[in-house]
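Undergrad: here is my input, please return the structure:
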Amino acid sequence: MSFISENIKNNIKPSITLLVDSKARALDAEGKDVISLAIGEPDFDTPENIKLAAIDAIKKGYTKYAPAGGMKELKQAIINKFKRDNNITYAENEICVSSGAKQVIFNALMATLNPGDEVIIIAPFWVSYPEMIKISNGVPVVVENNKGKGFSLDIENIEKSITPKIKWLILNSPNNPSGYVYSYDELRRLANMLLKYDHVHVLSDDIYEHLVYDNKKVYNLVEVEPKLKDRVLIVNGVSKTYAMTGWRIGFGAGSAELIKAMGIVQSQSTSGACSISQMAAVQALNGPQDFVLNSKNIYKKRRDMIHEEFSKIEGLKCDLPDGAFYLFVDCSRIFGKKTPKGIIIKDSNDLANYFIEQVYVAVVAGSAFGLEGFFRVSYATSEENILEGVKRIKEACALLV
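TA: Take a look at the predicted model:
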C-alpha cells in the first residue's frame, strides 16, 4: 500500500508554471543560454522604502509570532487600501492576512468545501485553482470564456453551470493568463444573475489589480453590486504590485463568519505570516505609490513591444491584453506540423517542449490554464530578453513543416 494519499497521488498535479521554471533553471545550470518567458514574477527589485521598513521592523523587535489572522497595523493598512482604491468599507474582523494570496484562496476553500461541493472556474484560469479545489475535496466545474470576444465573460454558460452543489465562482481580473479585464457592464450583468442564486459565493482574485493599461479601469463585484458584499471574498496581496513575491504576504476581505473560519484553518496550519514581511507590507500600502505607476509604464512599453513582435510570426496570433503581464498566444494553426526531428506538434504542450528543446525558450502550455490551442508568455522580464526570446520562437516556428 502506498504511503501517499490516493487524492494527492492520483488527483493532484504539481504547479505547471513552477515545473517549467525548474526545467529552464536546470538547462541554465547546464550552461544553456535559456530565456524564460514562463514565470509570473516581477523582475523589479522591491522598492527601497519597503526594504527599509523591514529593517526598521527588525530593529524594533517585530521578530516574534504574529497573530494568526494578521497584525493590527497591516489590517488597518488593508482597510485603508480598500477604502482608497475600491471605495469599499471593511471592519478589522472582515480582514485576514496570509503567507501569500495563494494561501488566502487555499484557506477559503479548505474552510468552506464539503466533499462533492462544486466550484466554477472560468477558462483560461490560473493553474492552481483546480488543484486547490480538489485538495479541499471539491469538484472544479470549468466554464470557457468567449474566446472570440477577447475572453469576455460567458454569463449564459456560467448560469447554466449553477446547480445546488455550486458553492463558489472564482473570478480573476485582470486575468492570468489572458490579461483580460472584465468591464463594468460584464460585472453588472453577472451581478444581476448572481442575485438569483444566494447559495453561490464569489472568490474575486484581484492580485493584478493595479497592472492595467490604456486608461482601463478595474472594477470589483462588490463595487458594482454592494448587495453581494457578504457573498464575495476579495483576494489580493503585495507580490505583483510592489515586486514583493518573496515576502509572501496576501490578504483577503469578506464576511466576518468566513474570515473567522479561514483563521481557524490558518491557526492550525501555518499560523501567522512573517511579522517582518507584514510590517514591510504596511509601508507598501501606506507609503509612496510612485513605484506602482513607474513599473506599470514599463510593463506597458514591454506589452506593446512583445505584442508587435508576436504579430509578425506566421501561424501565431494574439490579442493586446488590457492588464497583468502576460500574452496568451493562439498557436492552434501550428498544430499538425512537424519539427526538424519529425515530431508532430499535436498540442500546446508539444509546442512548449519544442521551444525549450529547440531554441531554449520557456513558455507555458495553454492546457495548463484549461484552454488548449494557446501558450502563455510573460513580459515581466527585460526588453532584451523579450526581443531575443520572440526572435528564437520565430526561428523555431519557421523550421516547422
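
Undergrad: now residue 320. Nearest residue, chain neighbours left out?
TA: Spatial nearest neighbour of residue 320, chain neighbours left out: residue 307 (5.2 Å); criterion: C-beta to C-beta, 6 or more residues apart in numbering. In this view, the C-beta of every residue, glycine as well, is placed from N, C-alpha and C.

Undergrad: pull the number of nearby residues for the one you found.
TA: 18 (other C-beta atoms under 10 Å).

Undergrad: after the strand or helix carrying it, which helix or strand is next?
TA: If you go by DSSP states H and E, residue 307 is part of helix 290-310. Toward the C-terminus, helix 290-310 is succeeded by strand 326-330 as the next helix or strand (DSSP H and E).

Undergrad: quick one: contacts of the helix or strand of the chain with the lowest mean pLDDT?
TA: Here the helix or strand of the chain ranked lowest by mean pLDDT, DSSP states H and E is helix 16-29, holding a mean of 77. For helix 16-29, the external contacting residues (C-beta atoms under 8 Å, 6 or more residues apart in numbering) are 34, 36, 38-40, 127, 352, 356, 360, 362-365, 368.

Undergrad: at 7 Å instead, please
TA: Contact with helix 16-29 is made by 34, 36, 38-40, 127, 356, 360, 362, 364, 368, as judged by C-beta atoms under 7 Å, 6 or more residues apart in numbering.

Undergrad: now for the closest residue in space to residue 33 that isn't next to it in sequence: which residues touch it?
TA: Distance criterion C-beta to C-beta, 6+ apart; nearest residue to residue 33, sequence neighbours excluded, is residue 360 at 5.9 Å. In this structure, residue 360 makes contact with 27, 32-35, judged by C-beta under 7 Å, 6+ apart.

Undergrad: make TSV from these and add distance to residue 253 and neighbour count to it.
TA: Listed next are the contacts of residue 360 as TSV, based on distance: C-beta to C-beta, whole Å; neighbours: other C-beta atoms under 10 Å:
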residue	distance to residue 253	neighbour count
27	41	17
32	44	11
33	44	10
34	39	19
35	38	26
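
Undergrad: out of those, which sit inside strands?
TA: Judged by DSSP state E, the subset of those located in strands is residue 35.

Undergrad: return the item of the contacts of residue 360 having minimum pLDDT.
TA: Least confident of those in the model: residue 27, at 80.

Undergrad: state the distance from that one to residue 37.
TA: The spacing between residue 27 and residue 37, counted by C-beta to C-beta, to the nearest Å, is 14 Å.

Undergrad: same check, this time on residue 246
TA: 20 Å.

Undergrad: between those two, which one's more packed in?
TA: Neighbour count, other C-beta under 10 Å: between residue 246 and residue 37, residue 37 has more, with 27 against 10.

Undergrad: now do the contacts for that one.
TA: Applying C-beta under 7 Å, 6+ apart, the residues near residue 37 are 361-363, 377-378, 381, 389.

Undergrad: of those residues, closest to residue 96?
TA: Of all these, residue 96 sits closest to residue 378, with 28.4 Å by C-beta to C-beta.
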